[in-house]
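Peer 1: How does the following fold in three dimensions:
(one chain, ligands or ions: 1)
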Amino acid sequence: MTEQHAISIQNVSKIYQGGKQALDDVSFDVPQGSIFGLLGPNGAGKSTLINILSGMVMKSSGSASIWGFDLDADIRNAKANIGIVPQEIMFDPFFTPFEALELQAGLYGVPKSKRRSMELLRAMRLEDKADAYARTLSGGMKRRLLIAKAMVHSPPVIVLDEPTAGVDIELRQQLWEYVVQLNKNGTTVVLTTHYLEEAEQLCDEIAIINHGKLIAKKPTKELIGMAREKAVVLTVDKELTAAPMHEAFEKSELISDHVVAITYNKDRMNAGEVLAAVQAMGLAIVDVTTKEADLEDVFLTLTSGASE
Ligand SMILES: Nc1ncnc2c1ncn2[C@@H]1O[C@H](COP(=O)(O)OP(=O)(O)OP(=O)(O)O)[C@@H](O)[C@H]1O
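Peer 2: Numbers count the residues shown, from 1 in each chain. Predicted coordinates:
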């Protein structure tokens, strides 16, 4: 058994009945101890991949292992080492949160002495709802209960599929704080999210899937470094009737009479050269702000480029 990867995915493909190819030869590893982001536009294949890991969807080919246990050869141990928080909220409405956790722990064969239902409810700030019916919980509370459910068997890897979809900002912040805490305590966290800003802040490493294919997998900082386009916003001394254009600029847009936003390719020129080109057009520069690339830029560039 190899222990260096929390999850290893090798050449995994999935073709659903009816012929839809949701995953096409996807391979990547999730390092132990990381917070790993799995990003992609709607329908990219993220849920399919997560459902394969949870055993809910059968892959068509390839192999995968969790904490070193092969999904095909040793599904029991593979499952024992992962906790999956699904995208959809599903509960038996007649159980209380405490009962739901006890039941889940029972399903995983966690002995009574090792159960930590109250501890998990406290961590998810649900202790005062321990004995309420699940159907009386708010959407955010249900989502937190789902996270607690995925943790009953103390798995070293937890996967959160869009955990903050439809959750208000304050609660999102709380959920992420808990995720960070969980990770600090040694749990490897894999998450899918549409909120690129959150992925950028939280994740050590990010994989991007588009149309079933892995199109990037890098440490977050490197991925952001892949953005080629940078922008400067210049305030000039003269009133502008048209945006100053130069063949080396990617784009030039008039923001107001005196302000122009210029996008350039950082491989072709630097900010100094952009300023020099504008000055050479007879304009004096009064003020400059630069815009750093973020994950959103990279994401859009990669996902639009790979769609052909
Ligand atoms: N059971 C199924 N049968 C046939 N096609 C499916 C099935 N489940 C998903 N698909 C298709 O496979 C593709 C990938 O879907 P998947 O749900 O994995 O994407 P996703 O990246 O998780 O998207 P989202 O962010 O919207 O959840 C989509 O085109 C989807 O319509």
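
Peer 1: What are the buried residues along stretch 268-282?
Peer 2: 269, 271, 274-275, 277-278 (16 or more other C-beta atoms under 10 Å). C-beta: built from backbone N, CA, C; applies to glycine.

Peer 1: Looking at the residues you listed, which are in strands?
Peer 2: Residues of the buried residues of stretch 268-282 located in strands (DSSP state E): none.

Peer 1: Any chance of those in JSON lines with distance to I52 and pLDDT as columns?
Peer 2: JSON lines is the format used below for these (distance: C-beta to C-beta, whole Å; pLDDT from 0 to 100):
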{"residue": "M269", "distance to I52": "45", "pLDDT": "89"}
{"residue": "A271", "distance to I52": "45", "pLDDT": "89"}
{"residue": "V274", "distance to I52": "47", "pLDDT": "94"}
{"residue": "L275", "distance to I52": "51", "pLDDT": "94"}
{"residue": "A277", "distance to I52": "51", "pLDDT": "95"}
{"residue": "V278", "distance to I52": "52", "pLDDT": "95"}
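
Peer 1: now for these, which pair is the farthest apart?
Peer 2: M269 and V278 (11.8 Å; C-beta to C-beta).

Peer 1: need the strands for this protein, in chain order.
Peer 2: Going by DSSP E, the chain shows strands at 5-15, 21-31, 35-39, 61-66, 69-70, 82-85, 157-161, 188-192, 205-210, 213-219, 229-236, 249-256, 259-265, 285-291.

Peer 1: Among these, which comes closest to the ligand?
Peer 2: Evaluated with C-beta to the nearest ligand atom, these place strand 21-31 nearest to the ligand, the distance being 3.5 Å.

Peer 1: Would you confirm that D70 contacts R76?
Peer 2: No - between D70 and R76 there is no contact under C-beta atoms under 8 Å: 11.1 Å.

Peer 1: Comparing the two, which residue is more hemmed in?
Peer 2: A count of neighbours by other C-beta atoms under 10 Å puts D70 above the other of D70 and R76, at 15 against 8.

Peer 1: What segments of this structure are helices?
Peer 2: In the chain, the helices defined using DSSP state H lie at 46-54, 75-80, 97-107, 117-123, 139-150, 169-184, 196-202, 220-225, 271-279, 295-305.

Peer 1: Let me know which of the ones you listed is tucked in deepest.
Peer 2: helix 46-54 (a mean of 23; mean count of other C-beta atoms under 10 Å).
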